[in-house]
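Student: would you be able to build a 3D model of this:
(one chain, ligands or ions: 2)
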Amino acid sequence: MAIKKICCIGAGYVGGPTCSVIALKCSDITVTVVDKSKERIAQWNSEKLPIYEPGLDEVVGKCRGKNLFFSTDIETGIKEADLIFISVNTPTKTFGNGRGRAADLKYVESAARMIAEIATGDKIVVEKSTVPVRAAESILNILRANHRPGVSYQILSNPEFLAEGTAIDDLVNADRVLIGGENSPEGHAAIEELCKVYERWIPRANILTTNTWSSELSKLAANAFLAQRISSINSLSAVCEATGADVSEVARAVGWDSRIGSKFLQASVGFGGSCFQKDILNLVYICECLNLPEVAAYWQQVIDMNEYQKSRFSAKVIESLFNTVTDKQIAMLGFAFKKNTGDTRESPAIHVAKTLLDEGAKLHIYDPKVEESQIMEDLTHPSVTDHPENIKRHVSIYRDAYSATKDTHAIVLCTEWDEFMALDYEKIYAGMMKPAYIFDGRKILDHNALQRIGFIVQTIGKKLARTAVSRSWGSQSQM
Ligand code: UDX
Ligand code: UDX
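Tutor: Ligands and ions are numbered 1, 2, ... in the order given. All right, here's what the predicted structure looks like:
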């Protein structure tokens with residue numbers, strides 16, 4: 001069978017951009033992205049897409065209405081498709097067995113049940129959502145247990161490696177595409193069909209095929225390795241602050257070794273995002289279920305180090321401000337979990353904001369892409385506060401960095417947005433209370449220049465002298 005129609009269940013950060021790029025690269029394939037949320041689909045069909053992703057508007061603009069469609073008609077989407085991606089969310093379970101760690105597969109399961117009910121003919125079902133190892137088997141069990149004559153299924157695992165903020169480039173110029181399938185002639189044939197879709201723009205040598213479980217585990221492993229590098233450099237940032245070493249210099253020296261490589265060694269306030277924590281917790285839970293407690297403890301430490309980093313940074317802010325922030329006005333620059341996205345899932349900014357609010361601070365928050373309603377939703381969530389009405393009184397959202405910082409005691413920078421490097425800090429300093437503090441949680445500012453202006457500066461992984469010093473050699477900071 002040659003793939004002519006693709007349906008994707010789940011129009012989120014993964015499903016939307018992935019299918020938009022498939023539509024762009026395969027003009028002969030009709031791609032329909034379906035979602036149970038009417039609001040989300042309406043946004044995908046409007047001028048203001050539901051997610052901010054550089055380059056996405058252009059791709060959607062080129063394909064929407066031609067071979068790319070967004071719809072709430074899940075039934076027709078499934079019925080007509082040769083190949084179905086499951087891209088629904090797989091949150092961490094909040095109750096029952098595996099609470100707080102295991103992936104909740106209820107949405108994947110309901111997608112599989114829907115396919116079992118509706119599908120006719122041969123279908124290739126592809127898990128795109130990150131799932132625990134052997135989830136494909138569960139999907140297959142559901143599909144085969146509800147088997148109807150004339151319908152046959154192949155399940156593939158095709159995990160997504162895109163990072164938010166660079167999703168379009170990651171999809172168009174993917175390092176690799178991974179496809180896992182059943183080790184049988186039918187399984188191989190299904191893998192081949194999906195290969196043919198990606199081969200339109202990805203060199204065949206970069207399309208890796210494996211068995212299903214290797215593919216599922218590779219996704220968890222890739223995220224665990226990436227997060228581990230951040231926790232490793234963050235652990236050393238604490239040593240740097242205590243010794244006078246500079247973590248950027250250490251990262252540069254370490255990363256110069258081609259066996260180690262220079263990427264993902266940027267010390268920070270901590271990693272966030274929808275995947276790292278969730279996937280590692282999932283890996284830890286799987287290891288415990290497999291009676292591998294040592295392996296579970298090893299990976300758990302990556303999460304624990306991240307929690308430590310977020311707490312350490314928040315504690316540093318409070319300590320520096322004479323051990324109390326009660327009623328102090330603090331500007332928070334950046335709320336997204338990284339630059340170039342409006343996504344706040346697991347953002348370290350939430351942790352920092354919660355700690356400062358618990359200590360009685362008044363927050364002035366500005367992020368270039370996060371909506372006000374999202375910030376308020378995150379900070380009034382039951383996991384953050386029992387008193388949402390207090391939060392609303394203590395948090396104000398601003399539309400630019402200058403008004404957010406005006407009349408504040410301190411600036412806490414949580415996201416590495418480029419525009420924060422280009423701000424006029426002389427002007428900001430003039431509008432602030434004195435002494436004016438700045439805490440750079442991303443190590444992106446020119447700390448010496450800020451000190452010369454008069455700021456008291458603190459950052460990650462570097463002990464800064466209180467007085468202004470001339471720009472140090474080898475410093476990578478810029479402004
Ligand atoms: C999510 C996970 O975060 C990621 O780990 C996984 O690999 C893929 O799913 P993301 O696309 O970022 O990634 O999730 P989200 O933006 O929440 O999108 C999921 C979409 O699925 C939502 O729009 C939701 O409405 C939709 N959905 C969910 C359905 O259409 N049907 C369901 O039953 C459940
Ligand atoms: C990640 C993976 O990179 C991607 O392959 C996978 O499919 C989904 O999860 P994402 O979470 O979108 O993507 O962003 P990523 O760029 O990996 O950043 C995750 C977090 O780590 C961010 O909070 C970022 O600021 C932080 N980070 C990243 C650092 O603190 N230091 C670094 O050196 C790199």
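
Student: residue 161 touches residue 173, doesn't it?
Tutor: No - counting by C-beta atoms under 8 Å, residue 161 sits too far from residue 173 to count as a contact (11.5 Å). Using the backbone N, CA and C atoms, a C-beta is placed for each residue, glycine as well.

Student: more neighbours, these two?
Tutor: Shown here are residue 161 and residue 173; by other C-beta atoms under 10 Å, residue 161 has more neighbours (17 against 11).

Student: run the chain-centre distance for the helix or strand encompassing residue 301.
Tutor: Counting by DSSP states H and E, the element that carries residue 301 is helix 293-320. Centroid displacement of helix 293-320 relative to its chain, using C-alpha atoms, centre = their mean, to the nearest Å, is 18 Å.

Student: so for stretch 180-195, mean pLDDT?
Tutor: What stretch 180-195 shows for mean pLDDT is 96.

Student: which SS class is the residue nearest to residue 348 when sequence neighbours are not counted?
Tutor: In this structure, residue 348 finds its nearest non-sequential neighbour in residue 270, 4.0 Å apart by C-beta to C-beta, 6 or more residues apart in numbering. Of the three states, residue 270 takes coil under DSSP: H, G, I helix; E, B strand; the rest coil.

Student: quick revisit: now whatever helix or strand comes next after the helix holding residue 301 and helix 293-320, what's the angle there?
Tutor: Remark: after helix 293-320, the chain's next helix or strand is strand 329-333, criterion DSSP H and E. Comparing the axes of strand 329-333 and helix 293-320 via axes from the mean of the first three to the mean of the last three C-alpha atoms, to 10 degrees yields an angle of 130 degrees.

Student: who's in contact with the closest residue to ligand 2 within the stretch 351-479 of the chain?
Tutor: Among the residues of the stretch 351-479 of the chain, residue 416 lies nearest to ligand 2; the distance is 6.8 Å by C-beta to the nearest ligand atom. Residues in contact with residue 416 (C-beta atoms under 8 Å, 6 or more residues apart in numbering) are 268, 334, 338-339, 442, 444.

Student: top of those residues by neighbour count?
Tutor: residue 334 leads the contacts of residue 416 on contacts (other C-beta under 10 Å) with 29 neighbours.

Student: from what I can see it touches residue 419, true?
Tutor: No - the criterion here is C-beta under 8 Å, and residue 334 misses it with residue 419 at 9.8 Å.

Student: near ligand 2 at all, the helix or strand hosting residue 235?
Tutor: Per DSSP H and E, residue 235 falls inside helix 212-243. Yes - interface with ligand 2: helix 212-243 contributes 223, 226, 230 (C-beta under 6 Å from any ligand atom).

Student: buried ones in that helix?
Tutor: Neighbour counts over helix 212-243 (16 or more other C-beta atoms under 10 Å) mark 212, 215-220, 222-224, 226-238, 240-241 as buried.

Student: now the next helix or strand after that helix: buried residues?
Tutor: Using DSSP H and E, the helix or strand that follows helix 212-243 towards the C-terminus is helix 247-255. Using 16+ other C-beta under 10 Å as the test for burial, helix 247-255 gives 247-251, 254-255.

Student: show me what contacts the nearest residue to residue 92 once chain neighbours are set aside?
Tutor: Leaving aside its sequence neighbours, residue 92 sits nearest to residue 278 (C-beta to C-beta, 6+ apart; 5.3 Å). The contact partners of residue 278, taken as C-beta under 8 Å, 6+ apart, are 90-92, 103, 130, 346.

Student: among those, which ones lie close to ligand 1?
Tutor: Okay, of these touching ligand 1 (C-beta under 6 Å from any ligand atom), that's 90, 130.

Student: out of the contacts of residue 278, who has the most neighbours?
Tutor: residue 90 (26 neighbours).

Student: check which helix or strand it maps to.
Tutor: Counting by DSSP H and E, residue 90 is part of no helix or strand.

Student: was I right about it contacting residue 102?
Tutor: No - using C-beta under 8 Å as the test, residue 90 is too far from residue 102 to be in contact (10.0 Å).
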